[in-house]
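Trainee: My questions concern the predicted model and sequence given below.
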Amino acid sequence: LMLENDLHHALDNQELFVEYQPQINLQTGYITSVEALVRWRHPEKGLISPGVFIPIAEESGLIIPIGQWILETACKQVKQWQRAGLPSIKVAVNLSLGQLFQYDLVRMIQDVLQRTELESQYLQLEITESMTINIDHMTTMLHQLKDLGVTIAVDDFGTGYSSLSYLKDFPIDCLKIDRSFIHRIQTDSTDKALVDMILSMAKHLRLKVVAEGIEEVEQLSYLIASHCETVQGYLFSKPLLPIFLQENYDSIQ
Ligand code: G
Ligand code: G
Ligand code: MN
Ligand code: NA
């Protein structure tokens with residue numbers, strides 16, 4: 001409750017900021033996109049994880065203004081890199097459940113794209129399987145979002161219990177293989193089989209794939225051999241402040 005109170009002021013007091021974690025295309029070695037990840041620097045408690053404050057934001061309704069701020073900050077940043085003459089990359093922004101039920105979500109995103117002048121093809125929205133509470137609503141929302149020209153990724157793929165049949169109904173572009181599968185890819189034959197299965201399924205459904213949480217060279221080798229398209233993880237880079245990402249821009253295509 002104390003935190004919720006503080007979170008009310010976090011936006012006004014400029015305590016929130018966004019870091020960007022590179023996603024690397026394994027064929028080219030270039031950074032093709034970044035995932036925007038919000039952070040909260042609390043004046044007394046220090047850094048607070050989004051794993052802690054996003055649920056508070058959800059419960060209190062603060063997710064609406066905070067979600068919009070994250071989206072706008074991320075779009076503005078990517079446009080700024082473009083304007084600086086750096087190669088264009090996509091930015092992936094996490095949506096949360098409360099936002100999916102925001103009545104003017106599509107309009108809000110359209111407005112943000114217009115204000116920031118970011119072309120919609122450079123924005124990817126991440127949803128999770130656990131948000132699939134109402135299939136009809138999700139299907140409608142995702143089609144409206146796709147009509148804006150943005151792309152949709154399923155985050156933490158494989159960890160939810162929802163039926164795979166939604167892959168038929170939802171206009172999805174990308175699956176992000178959850179890092180728990182990648183973590184044990186070398187040691188657990190079930191996790192290995194599941195990663196193989198997701199890669200194969202994505203290929204047949206013509207979906208892009210991002211393997212998350214790559215920390216070890218062995219994991220990378222396996223994913224290269226399995227023709228995984230894109231990876232994200234500490235082996236390449238932790239989430240970075242824009243200034244530090246910019247310094248490594250020579251590896252961006
Ligand atoms: O960055 P970190 O590993 O601390 O993130 C913890 C959790 O918070 C993850 O589940 C991540 O998806 C979520 N998260 C991080 N940034 C955002 C954001 O900008 N919006 C939403 N909705 N969730 C986020
Ligand atoms: O739930 P989501 O996939 O959005 O969470 C993304 C979070 O995962 C990032 O905020 C980041 O802090 C964390 N993350 C990114 N790469 C790695 C990694 O290689 N290992 C671990 N343990 N966490 C990672
Ligand atoms: Mn994510
Ligand atoms: Na994930």
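Mentor: Okay, I see it. Ligands and ions are numbered 1, 2, ... in the order given.
Trainee: closest point of this protein to ligand 3, which residue?
Mentor: residue 155 (4.1 Å; Cβ to the ion). In short, each C-beta sits where N, CA and C put it, glycine included.
Trainee: Then that residue would be within a strand, right?
Mentor: Yes: under DSSP: H, G, I helix; E, B strand; the rest coil, residue 155 falls within a strand.
Trainee: Per-residue pLDDT of it, please?
Mentor: Per-residue confidence (pLDDT) for residue 155: 96.
Trainee: and what of the one 10 residues further on?
Mentor: Model confidence at residue 165, given as pLDDT, is 86.
Trainee: which residue packs closest to the residue of the chain closest to ligand 3, ignoring adjacent ones?
Mentor: residue 126 (4.2 Å; Cβ to Cβ, 6 or more residues apart in numbering).
Trainee: What of residue 102?
Mentor: residue 64 (5.7 Å).
Trainee: So the one you found sits against residue 97, correct?
Mentor: No: with contact defined as Cβ atoms under 8 Å, residue 64 does not count as touching residue 97 (11.8 Å).
Trainee: any idea which element residue 59 lies in?
Mentor: Residue 59 is part of helix 50-60 when elements are defined by DSSP states H and E.
Trainee: so what secondary structure elements neighbour the helix or strand that comes right after that helix?
Mentor: Using DSSP H and E, the helix or strand that directly follows helix 50-60 along the chain is helix 63-83. Applying 3 or more Cβ pairs under 8 Å, 6 or more residues apart in numbering; DSSP states H and E, one finds that helix 63-83 contacts strand 16-25, strand 31-42, helix 50-60, strand 90-94, helix 97-100, helix 105-116, helix 242-247.
Trainee: check contacts around the residue in the stretch 151-253 of the chain that ligand 4 sits nearest to.
Mentor: Nearest to ligand 4, among the residues of the stretch 151-253 of the chain, is residue 156, at 4.1 Å (Cβ to the ion). Applying Cβ atoms under 8 Å, 6 or more residues apart in numbering to residue 156 gives the contacts 128, 129, 130, 176, 178.
Trainee: partner residues bridging the spatially closest residue to residue 22 that is not a sequence neighbour?
Mentor: Of all residues not flanking residue 22 in the chain, residue 31 sits nearest, at 4.4 Å (Cβ to Cβ, 6+ apart). Under the criterion DSSP bridges, residue 31 forms beta bridges with residue 24, residue 252.
Trainee: surely residue 31 meets residue 21?
Mentor: No: with contact defined as Cβ under 8 Å, residue 31 does not count as touching residue 21 (10.0 Å).
Trainee: Which one of the two is surrounded by more residues?
Mentor: residue 31 (25 against 21; other Cβ atoms under 10 Å).
Trainee: Having no further points to raise, I will conclude here.
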